[in-house]
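Chemist: here is the input, now give the coordinates:
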Amino acid sequence: MDEPWGISGPQFLLIYGLALAVVLLVQLSWPAIARSRQRNAPATVEPPPVQPDVYQLAYLAGGADRAIDTAIATLLEQELLRVSSKGKLSAIGKRPARKGLERAVHDAAQGGTSTVAMVRKSPSVRPEADKIREDLERRGLLAAGDGLDGFRVGIVVAYAALLLIGIVRAVNGAQLGRPIGGLVGLLFVAGILTLIAYTARKGSKTSHPTDAGRAIVARAREDAKAAEERPEEFAATNRYGGGALLVGAAAAVALGGIALYPDEEMSTALLSGGGSTWAGGGGSSGGSSCGGGSSCSSGSSCGGGSSCGGGGGCGG
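Modeler: Numbering: from 1, shown residues only. Next up, the predicted model:
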């Protein structure tokens, strides 16, 4: 045989191009497949004896923003926070007795100019959310990164190996006076892909729930469903702490997001600024009246976006 390595130029180009394509396909598809398998895999690890509180549960279910939204829901229920028709949060009443996320959210809502998004980014709130993350990581319920760093390093090695093989083949072909233009083009592609893979080899460091963390969230969802179906059995339950029952607004937001706040109008105000002004928890305080003299009642709204007296607001 006169062909270098016993393979003709067109055959080598075909094999080389297919090899690059296979590595690229694996690089693009495997992370999504791995994440899907992780989400759908049964959580067989038993949760630790000490259950997380409602904010830790929220972080496991939806990250830092979910935990902050849960604190907002708690303060609304406790009538320590109200939301305006424009989606502005206002701190009312005394500072929460419980330190941590609740107090930080209450402080961030002082002045009545902050939206939910602004509270989430508040420099006084984020450190408290980070403390929750750090505690969950210490307990083995959260893990940093997506667990694919080794896979990404393998992809870099595969590209580098193909690049080296292609360079050796190109040098050999040039020495024998064979045309190598097509191979040079593929080498350029291989070099770019190797560089991209090397740059992204460390992947994302965003925390994700471990098997134990997912088991806790799955169990909480089952408990919440049972509590909805048999509320009398859970009326005195405070399994997840934080002053919120499993059937309360905080637990609903923790497991499903702020869109699931039990009061639909208030949820709309929090998400899009629709509706009038409410204080969490229900009716007006001390029999006070809304603007225009009309009294507050369940499901009513205050006229002109005004709030009810006595530090409260119209019930949702």
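Chemist: could you give the separation of the longest helix seen in the chain from the chain centroid?
Modeler: Assignment by DSSP state H gives helix 9-40 as the longest helix of the chain. How far helix 9-40 lies from its chain's middle: 28 Å, per C-alpha atoms, centre = their mean, to the nearest Å.
Chemist: which strands or helices does the helix or strand that it is followed by pack on?
Modeler: Using DSSP states H and E, the helix or strand that follows helix 9-40 in sequence is helix 54-77. Judged by 3 or more C-beta pairs under 8 Å, 6 or more residues apart in numbering; DSSP states H and E, helix 54-77 is in contact with strand 81-83, helix 101-108, helix 116-121, helix 126-138, helix 211-229, helix 249-256. C-beta coordinates here come from the backbone N, C-alpha and C atoms, glycine included.
Chemist: which of those sits most buried?
Modeler: Across those, averaging neighbours per residue (mean count of other C-beta atoms under 10 Å) puts strand 81-83 on top, at a mean of 29.
Chemist: and that one, what does it pack onto?
Modeler: On a contact count with 3+ C-beta pairs under 8 Å, 6+ apart, strand 81-83 meets helix 54-77, strand 89-91, helix 264-272, strand 278-279.
Chemist: with only the CA atoms kept, save the longest one in CSV.
Modeler: Translated: helix 54-77. Presented in CSV, the C-alpha positions along helix 54-77 are these (Å, rounded to 0.1, in the frame of the first residue of the first chain):
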residue,chain,number,x,y,z
VAL,A,54,-39.2,25.9,55.6
TYR,A,55,-36.5,28.1,54.2
GLN,A,56,-34.1,25.3,53.8
LEU,A,57,-36.8,23.3,52.2
ALA,A,58,-37.5,26.2,49.8
TYR,A,59,-33.8,26.4,48.9
LEU,A,60,-33.7,22.7,48.2
ALA,A,61,-36.8,23.0,46.0
GLY,A,62,-35.9,26.2,44.1
GLY,A,63,-32.7,27.8,45.2
ALA,A,64,-32.0,31.2,46.9
ASP,A,65,-34.8,33.1,45.2
ARG,A,66,-37.3,30.5,46.4
ALA,A,67,-36.1,30.8,50.0
ILE,A,68,-36.4,34.6,49.8
ASP,A,69,-39.9,34.4,48.3
THR,A,70,-40.9,32.0,51.1
ALA,A,71,-39.8,34.6,53.7
ILE,A,72,-41.9,37.2,51.9
ALA,A,73,-44.9,34.8,52.1
THR,A,74,-44.3,34.3,55.8
LEU,A,75,-44.2,38.0,56.5
LEU,A,76,-47.3,38.6,54.5
GLU,A,77,-49.1,36.0,56.5
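Chemist: that helix vs helix 211-229, what angle?
Modeler: Interaxial angle of helix 54-77 relative to helix 211-229 (axes from the mean of the first three to the mean of the last three C-alpha atoms, to 10 degrees): 40 degrees.
Chemist: just give me how far helix 54-77 sits from the chain centre.
Modeler: Computed by C-alpha atoms, centre = their mean, the chain-centroid distance of helix 54-77 equals 11 Å.
Chemist: so which of the helices and strands packed on helix 54-77 is nearest G154?
Modeler: helix 211-229 (23.3 Å; C-beta to C-beta).
Chemist: any idea of the mean pLDDT in that closest one?
Modeler: For helix 211-229, the mean pLDDT works out to 82.
Chemist: that helix: how far from the chain's middle?
Modeler: For helix 211-229, the distance to the chain centre is 18 Å (C-alpha atoms, centre = their mean).
Chemist: dump that helix to CSV, restricted to CA.
Modeler: Coordinates of the C-alpha atoms in helix 211-229 are reproduced here as CSV (Å, rounded to 0.1, in the frame of the first residue of the first chain):
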residue,chain,number,x,y,z
ASP,A,211,-30.1,12.4,46.6
ALA,A,212,-30.8,13.1,50.3
GLY,A,213,-32.0,16.7,49.5
ARG,A,214,-34.2,15.5,46.7
ALA,A,215,-35.7,12.9,49.0
ILE,A,216,-36.6,15.6,51.5
VAL,A,217,-38.3,17.7,48.9
ALA,A,218,-40.2,14.6,47.5
ARG,A,219,-41.4,13.7,51.0
ALA,A,220,-42.5,17.2,51.7
ARG,A,221,-44.5,17.3,48.5
GLU,A,222,-46.2,14.0,49.5
ASP,A,223,-46.9,15.4,53.0
ALA,A,224,-48.3,18.6,51.5
LYS,A,225,-50.7,16.6,49.3
ALA,A,226,-51.8,14.6,52.3
ALA,A,227,-52.2,17.7,54.3
GLU,A,228,-54.4,19.2,51.7
GLU,A,229,-56.5,16.0,51.5
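Chemist: tell me what angle it forms with helix 9-40.
Modeler: Using the same axes, to 10 degrees: helix 211-229 against helix 9-40 is 50 degrees.
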